[in-house]
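A.B. asks: Have a look at this prediction, sequence included:
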Amino acid sequence: MNRRLARLVSASRSLASDLGAALKTLLIVYHSMTGGTRQMAEAAVRGAAVEPAVRTVLLRAQDAQPDDVLGADGYLFATPENLASMSGLMKDFFDRTYYAALDRINGRPYAVMVCAGSDGQGAIRQLERIALGWRLKPVSPPVLVITHAQAPTDILRTKVIQPADQQRCEELGGTLAAGLGLGLF
């Protein structure tokens, strides 16, 4: 996480602490190979950081553990679409955390972001199916960013997420955080 983003998150925590509020936790779990999904997740953190009653935790999929899932009040899952599926490391995250959280996080809110070359629907379906098994509550339509990367060189190159798409990710992070902070979900 870059320094500016860390300062925003820290300022949000500090303000909520000063107000004596019990912080809610928004867990953002992502995987990124070429930077696109990372940029989307960081934009969501920026959006969530404006809510002082919410602590935002940003974790790479390979670093997230069952206790992170159990300790969160809401979730944002972000993945690239690889071969019409979520990324392997995102799948690994769910493989490692699914049964530890099963029947223990029912009803908590979640949303999804996918960075895809052309379609993204396969990854969205997989994420939604896992969330359904966890009995999570969807609170927003998925944010899908299409990069139009089709040739091998385009697929493997570093991605740059356009400002309008980053704004949509910020809004999603802000929506989740505001809903948690207000106790709407």
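C.D. replies: In hand now; what should we look at?
A.B. asks: any low-confidence regions in the chain?
C.D. replies: 1-21 (pLDDT under 70).
A.B. asks: Give me the packing partners of the helix ranked longest in it, helices and strands only.
C.D. replies: Longest helix in the chain by number of residues, with DSSP state H as the criterion: helix 163-182. Applying 3 or more Cβ pairs under 8 Å, 6 or more residues apart in numbering; DSSP states H and E, one finds that helix 163-182 makes contact with strand 24-30, helix 36-48, strand 54-60, strand 74-82, strand 109-116, strand 143-146. (Each C-beta comes from the backbone N, C-alpha and C, glycine too.)
A.B. asks: make it 10 Å
C.D. replies: Contacts defined by 3 or more Cβ pairs under 10 Å, 6 or more residues apart in numbering; DSSP states H and E place helix 163-182 against helix 3-18, strand 24-30, helix 36-48, strand 54-60, strand 74-82, strand 109-116, strand 143-146.
A.B. asks: Would you mind giving those as a markdown table with distance to Arg168 and mean neighbour count added?
C.D. replies: Shown next, in a markdown table, are these (distance: least, Cβ to Cβ, whole Å; neighbours: other Cβ atoms under 10 Å):
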| stretch | distance to Arg168 | mean neighbour count |
| --- | --- | --- |
| helix 3-18 | 17 | 14 |
| strand 24-30 | 15 | 24 |
| helix 36-48 | 8 | 25 |
| strand 54-60 | 17 | 22 |
| strand 74-82 | 12 | 27 |
| strand 109-116 | 9 | 26 |
| strand 143-146 | 5 | 20 |
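A.B. asks: Quick check, central residue of the protein?
C.D. replies: Closest residue to the average C-alpha location of the chain: Leu76 at 3.0 Å, with Cα atoms, centre = their mean.
A.B. asks: Give me the nearest residue to that residue, chain neighbours excluded.
C.D. replies: Spatially, and ignoring its direct neighbours in sequence, Leu76 is nearest to Ile28 (4.4 Å; Cβ to Cβ, 6 or more residues apart in numbering).
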